[in-house]
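In: Sequence first, then the predicted structure:
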Amino acid sequence: MDLLAPRGFSLPQFSSMSLIPSSFHVGAITIPTIPTPSIGERLVDSLQSLLGDLSTWLIKRTYQPSIIRKRRKHGFRRRKESVGGRRILKRRAAKGRARLGGC
């Protein structure tokens, strides 16, 4: 009979490798304990989740708008340079567009 534990209960039995009890005995029922991760494992897991969250915010997506680049590529002066561009300007003028260059 164990003098330290109340009647019907027993003290937790510790595994030989650590101070974490491997199971608790309550009457005739044995309750196994769930192994908890070590501090290092928890730290690694939290750092990985933190870096994963940060990386989604730091990624630059494909479209980074710039008015200057847009005007240089699709603007009136660019259209005037080529025969095809002049045709586009002619069609847009015939249709009555306010902005012939497309910007």
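Out: Yep, that arrived.

In: could you pull out the helices for this structure?
Out: For the chain, applying DSSP state H gives helices covering 39-58, 67-74, 76-81, 83-95.

In: any idea which of those helices is most buried?
Out: helix 76-81 (a mean of 14; mean count of other Cβ atoms under 10 Å). No exception for glycine: its C-beta is placed from N, CA and C like everyone else's.

In: Local confidence estimate at Ile29?
Out: At Ile29, the pLDDT value in this model is 74.

In: And Glu81, by the same measure?
Out: Note on Glu81: pLDDT of 96.

In: cool, Leu47 as well?
Out: pLDDT recorded at Leu47 is 79.

In: so what's the nearest residue to Gly75 once chain neighbours are set aside up against?
Out: In this structure, Gly75 finds its nearest non-sequential neighbour in Gly101, 4.5 Å apart by Cβ to Cβ, 6 or more residues apart in numbering. Contacts here follow Cβ atoms under 8 Å, 6 or more residues apart in numbering; on that basis Gly101 touches Arg71, His74, Gly75, Phe76, Arg77, Arg78, Arg79, Leu89.
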